[in-house]
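Engineer: Here's a sequence, model it:
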Amino acid sequence: MAENKKAGKRDTDLTIWALVIFILAIGDIIAGIGLLSGRVYEFFLTNIKPFFDGLFTHIGVTPAFWPPQELMFIGLGVIALIWGAGLILLGYGIWTVKPWARTLAIIAGFLLLPIGGLGIVVLWYFFRTETKETFSRAT
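Structural biologist: As a prediction, the model looks like this:
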């Protein structure tokens with residue numbers, strides 16, 4: 001049985017979208033805290049950097065950014081926290097079916113395009129006519 005969709009009312013699709021976005025936000029914030037704590041950088045120095053040092057020595061080419069500095073990890077942590085806060089805002093907007101949430105979801109979809117499928121799915125869903133009507137101000 002199909003669900004009746006009404007403008008301004010959250011349906012099952014939007015509930016799932018909001019929950020997925022909240023889960024992504026939590027994961028992103030945890031990653032940002034990990035990057036800022038220095039534990040990721042410490043792991044990188046002890047486990048990953050030696051492997052790449054040997055690889056670069058073997059092929060004889062070292063990238064200009066090598067080795068990455070702690071400041072890069074701090075910057076990535078700040079970006080991850082900002083993105084996580086934006087995702088929480090987006091999840092809240094979708095959960096409460098705010099008109100600005102659709103616009104924010106479309107912006108997030110374009111930002112996610114380099115990742116591939118996720119950005120395309122977000123854009124496809126939030127550009128659908130049914131989704132536009134759900135987020136319209138009419139009740």
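Engineer: what about the helices in the chain?
Structural biologist: Ranges of helices in the chain, per DSSP state H, are 12-37, 39-43, 49-59, 70-95, 99-111, 117-126, 129-134.
Engineer: got the buried residues for the last one?
Structural biologist: Counting neighbours by 16 or more other C-beta atoms under 10 Å, one finds that the buried residues in helix 129-134 are 131, 134. To be clear about C-beta, it is placed using only N, CA and C from the backbone, and glycine gets the same treatment.
Engineer: picking up where we left off before, okay if I get the helices of the chain as JSON lines plus mean pLDDT?
Structural biologist: Shown next, in JSON lines, are these (pLDDT from 0 to 100):
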{"stretch": "helix 12-37", "mean pLDDT": "93"}
{"stretch": "helix 39-43", "mean pLDDT": "86"}
{"stretch": "helix 49-59", "mean pLDDT": "78"}
{"stretch": "helix 70-95", "mean pLDDT": "93"}
{"stretch": "helix 99-111", "mean pLDDT": "93"}
{"stretch": "helix 117-126", "mean pLDDT": "90"}
{"stretch": "helix 129-134", "mean pLDDT": "89"}
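Engineer: these two touch, right, residue 34 and residue 40?
Structural biologist: Yes: with contacts counted by C-beta atoms under 8 Å, residue 34 reaches residue 40, the gap being 5.1 Å.
Engineer: what is in contact with those two at once?
Structural biologist: Residues touching both residue 34 and residue 40 (C-beta atoms under 8 Å, 6 or more residues apart in numbering): there are none.
Engineer: so what's the closest residue to residue 93 other than its chain neighbours up against?
Structural biologist: Among residues not flanking residue 93 along the chain, residue 101 sits closest, at 2.7 Å (C-beta to C-beta, 6 or more residues apart in numbering). Listed by C-beta under 8 Å, 6+ apart, the contact set of residue 101 reads 90, 92-94, 135.
Engineer: where does residue 62 fall, phi/psi-wise?
Structural biologist: In terms of degrees, to the nearest 10, the main-chain angles of residue 62 are phi -120, psi 130.
Engineer: Thank you, goodbye.
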